[in-house]
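**Student:** Fold the following and give me the result.
(2 chains)
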Amino acid sequence: MKEITLIEAVNQALMYEMARDENVVVLGEDVGVNGGVFRATVGLSEKFGPERVIDTPLSEALISGMSVGMSVQGLKPVAEFQFMGFTYPGFDQIINHASRMRNRTRGRLSCPIVYRAPYGAGIHAPEHHSESTEALYSHIPGLRVVIPSSPARAYGLLLAAIRDPDPVVFLEPKRIYRLFKQQVPDTGEALPLDQCFVLREGKDITLVTWGAMIHETMQVAEKLEEEGIEAEIIDVATIKPIDMDTILNSVHKTGRCVIIHEAARNCGVGAEIAAQIAEKGLMSLLAPVQRVSGYDIVVPLLQLEKYYMPSVERILGHVHHIMEYA
Amino acid sequence: MGKALSGIKTRNYLDKSGKALGKIPKFAEDRSTLKDLYRLMNLIRIFDKKVVSLQRTGKMGTFATSLGQEGVSVGIGHALQKDDIFVPYYRDQGILYQRRVKLIEIMQYWGGDERGSRYVYNREDLPISIPIATQLVHAVGVAYAVKLRKQERAVLSTCGDGGTSEGDFYIALNGAGTWNLPLVFVINNNQWAISVPRAIQTKADTLAQKAVAAGIDSIQVDGNDVIAVRQVVSEALAKARSGGGPTLIEALTYRLGDHTTADDASRYVDKSDLDKAWALEPIIRLQSYLTKKRILSKKEEKQILETCKEEVDQAVAEYLALSPQPPEAIFDYQYANMPSALQEQKDELNYSLHPY
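**Tutor:** Just a heads-up that it's a prediction; the model follows:
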């Protein structure tokens, strides 16, 4: 079987679900003939036609707002924003309408929309192309926020997101769009939402992360192994709502936890995880919970970008620090 | 005021005194239809007044009346067909009622009960939209779905004159034109956006001309002439259903009441302007016409008003007798499948209510 990248897995999932369910439509800027700026929608227009693979006028508020109208009519829009930094004109429609429709009509209408956006830094992109503001969306009741970290999880989680009866913000870590390949059988099998994935088991420390930072965190675990430290790695995957059971079980076992995310630290998703560990797992802890994250600064332009990103060294530093607690 | 674009037409059939200006539309030759329009406008006015009095006595939340613009609301509601889809703003009682949204549901919504947007008889229309002009973009998506499925239905969405200054207004017009959607937009130009008058919204001479840049048709209509509203909206809906594309209608009317029960328009509306506007209001307009034409007798008129009052009183009595939703209902419709984290919070609420 051919191995595919994360972005190709996104495309494979869209192909599969558009063929399976005629209510699925794809809309966004350049998603048609051009196949999307990252090529996520390549070949869809040829196969399903421009009426279901819709090139929209250049307006994110249109994309997000018309998705609300389409979805209450029973369509399942998969809307693409070209970059996370460009989701904000569409933010109003997502938080004021898509996320609230089921509740405000007491279940009469709902918005089964997937809002896709590439997110994250580290690809030397222009200004406004590097944001990791998943915490903004995670704060909103009625939304799910899902972030895959491998081709297989991109495929399975995107299928799950499209089939979910509620709106899902699906953030794709663009730094690892083409970083590695995997075999991803095109079986149409979805992965579960609202569940963490334990990517590596270990008894000494829990490393909690998601998205592109999985890559650095895996390297950290390998280095730790050489030092005789067994790290458990949890890919949160659905960061709203968070599967705290899996995280707490792990922390209960290891007694140590480092949370790694690329987003700015203040009120980030790491803060929520740390707070819940403090509420429900404090007595299991052997050392303070640590966060390794982007700093609370505007993401630097490409020359200084690398200083913003949590590096293997920074993560290792925090791990070593808390391993010193008895 | 700025420049008026040539080609923006204004339609009316009755003059200010309620006299027919020329040939009236075919539908308006039917006496019972005209009496029905008269009944509906009165019903909504009586209803609005009653809901305000409920608010004043603490039995209702903040409410937005449609006093003065019943002609627009009732005319639109009468023109819509059952299979059309309506995407409202928040001052559309006359349309909602004719879409078979129950008066009690309208009261429930403004009274703070989400069940008011569940619409027992009307499953496809969207609920009232409080954020300004956002609903127009939803209507684009609804109309896209209708067109994709090749259905012969029209979608209609409303906003106020203030709404035309929002980005979403232009975005929706532009989208509707791009795909030639079966969509009708109606601006209730009641001259006020809370306290800000129409002149401060735009330098454009008409709001209808904003459609020109989007490449779609537009027209002004005398919103206090319910016959004209009914006719112009019917034509636009028929055009939409038959693939003729979108239309923007600017209905000219006047908000005779406060913005909402939380507002006091006497702070900013000139009394003499208000008096002038009262002389043009839609119910008296139609009543004069019906009286001149001997379509409506004094006795019938009295009867109509009594029936309206009875209907409103009964709905109010039912509304006041309703029990609130159980507290845990606040959790039950956030997601189709409740996440366990939310279930935990629901349990937390239940525990706080019944600790022992």
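**Student:** mind checking pLDDT for whatever residue of chain B ends up closest to chain A?
**Tutor:** Residue nearest to chain A within chain B (C-beta to the nearest C-beta): B:G141, separated by 2.4 Å. For glycine as for every other residue, the C-beta is placed from the backbone atoms N, C-alpha and C. Looking at B:G141, its pLDDT reads 98.
**Student:** now do B:A4
**Tutor:** 58.
**Student:** if we can go back for a sec, pLDDT at the nearest residue to the residue of chain B closest to chain A once chain neighbours are set aside, what is it?
**Tutor:** Distances taken as C-beta to C-beta, 6 or more residues apart in numbering or on different chains put A:G69 closest to B:G141, at 2.4 Å, once the chain neighbours are dropped. Looking at A:G69, its pLDDT reads 98.
**Student:** helix, strand or coil for A:G69?
**Tutor:** helix (DSSP: H, G, I helix; E, B strand; the rest coil).
**Student:** wait, doesn't it sit right on B:L136?
**Tutor:** No: under the criterion of C-beta atoms under 8 Å, A:G69 makes no contact with B:L136, lying 9.7 Å away.
**Student:** coming back round to it: how deep is the residue of chain B closest to chain A tucked in, by neighbour count?
**Tutor:** 33 (other C-beta atoms under 10 Å in any protein chain shown).
**Student:** Pull out the buried positions in whichever helix or strand it is part of.
**Tutor:** Assigning secondary structure by DSSP states H and E places B:G141 in helix B:134-148. Residues of helix B:134-148 classed as buried under the neighbour-count rule (16 or more other C-beta atoms under 10 Å in any protein chain shown) are B:134-148.
**Student:** Break chain B down into its domains, please.
**Tutor:** By the assignment in automatic domain parsing, chain B contains the domains B:10-325, B:329-356.
**Student:** And the ones you listed: which comes nearest A:V33?
**Tutor:** A:V33 lies closest, by C-beta to C-beta, to one member of these: domain B:10-325, at 15.9 Å.
**Student:** ok, back up a step: quick one, which of the domains of chain B is packed in tightest?
**Tutor:** domain B:10-325 (a mean of 20; mean count of other C-beta atoms under 10 Å in any protein chain shown).
**Student:** Centre of the chain to it, how far?
**Tutor:** Here domain B:10-325 is found 3 Å from its chain centre; the criterion is C-alpha atoms, centre = their mean, to the nearest Å.
**Student:** cool, and stretch A:196-212?
**Tutor:** Counting by C-alpha atoms, centre = their mean, stretch A:196-212 is centred 15 Å from the centre of its parent chain.
**Student:** where does A:L62 land in three-state SS?
**Tutor:** Going by three-state DSSP: A:L62 is helix.
**Student:** brain fart, A:R116
**Tutor:** strand.
**Student:** any idea how far chain B is from it?
**Tutor:** A:R116 is 17 Å from chain B, where distance means C-beta to the nearest C-beta, to the nearest Å.
**Student:** what's near enough to touch B:D168?
**Tutor:** With contact set as C-beta atoms under 8 Å, 6 or more residues apart in numbering or on different chains, B:D168 has these partners: A:A61, A:G65, B:I132, B:A133, B:T134, B:L136, B:V137.
**Student:** pretty sure the last one contacts A:I63?
**Tutor:** No: using C-beta under 8 Å, B:V137 and A:I63 do not qualify as a contacting pair, with a distance of 9.4 Å.
**Student:** what does the stretch 51-200 of chain B put close to chain A?
**Tutor:** B:85, B:87, B:114-115, B:117-119, B:123-124, B:126-127, B:129, B:131, B:134, B:137-146, B:148, B:167-168, B:171-172, B:174-175, B:178 (C-beta under 8 Å from any C-beta of the partner chain).
**Student:** Mind doing that once more with 7 Å?
**Tutor:** Proximity of the stretch 51-200 of chain B to chain A is confined to B:114-115, B:117-119, B:123, B:126-127, B:131, B:134, B:137-142, B:144-145, B:148, B:167-168, B:171, B:174-175, B:178 under the rule C-beta under 7 Å from any C-beta of the partner chain.
**Student:** Show the pLDDT at residue 11.
**Tutor:** Defaulting to chain A. Per-residue pLDDT puts A:N11 at 98.
**Student:** wait, I meant chain B there
**Tutor:** The per-residue pLDDT reported for B:R11 equals 96.
**Student:** Tell me what it is bridged to.
**Tutor:** B:V221 (DSSP bridges).
**Student:** Next up, the contacts around it.
**Tutor:** Residues in contact with B:R11 (C-beta atoms under 7 Å, 6 or more residues apart in numbering or on different chains) are B:I219, B:V221, B:D222, B:A228, B:V232.
**Student:** Tell me how far it lies from B:D275.
**Tutor:** Between B:R11 and B:D275 the distance is 26 Å, computed by C-beta to C-beta, to the nearest Å.
**Student:** Verify the stated contact: the residue of chain B closest to chain A with A:L75.
**Tutor:** No: with contact defined as C-beta atoms under 7 Å, B:G141 does not count as touching A:L75 (8.1 Å).
**Student:** What separation is there between the residue nearest to A:I176 when sequence neighbours are not counted and A:P310?
**Tutor:** With sequence-adjacent residues excluded and distances taken as C-beta to C-beta, 6+ apart, A:I176 is closest to A:A212, at 4.8 Å. Taking C-beta to C-beta as the measure, A:A212 falls 10 Å from A:P310.
**Student:** How about B:M338?
**Tutor:** 34 Å.
**Student:** Likewise for B:N189?
**Tutor:** Applying C-beta to C-beta, the value for B:N189 to A:P310 is 54 Å.
**Student:** cool, B:L34 as well?
**Tutor:** 73 Å.
**Student:** likewise B:G257?
**Tutor:** 58 Å.
**Student:** Contact partners for the one residue in the stretch 1-150 of chain A that gets nearest to chain B?
**Tutor:** Residue of the stretch 1-150 of chain A nearest chain B, by C-beta to the nearest C-beta: A:G69 (2.4 Å). Counting by C-beta under 7 Å, 6+ apart, A:G69 touches B:H138, B:A139, B:V140, B:G141, B:V142.
**Student:** Hmm, the first one is touching B:L126, no?
**Tutor:** Yes: counting by C-beta under 7 Å, B:H138 sits close enough to B:L126 to count as a contact (6.0 Å).
**Student:** hey, what's in contact with both of those two?
**Tutor:** Listed contacts common to B:H138 and B:L126 are B:V87; contacts here mean C-beta under 7 Å, 6+ apart.
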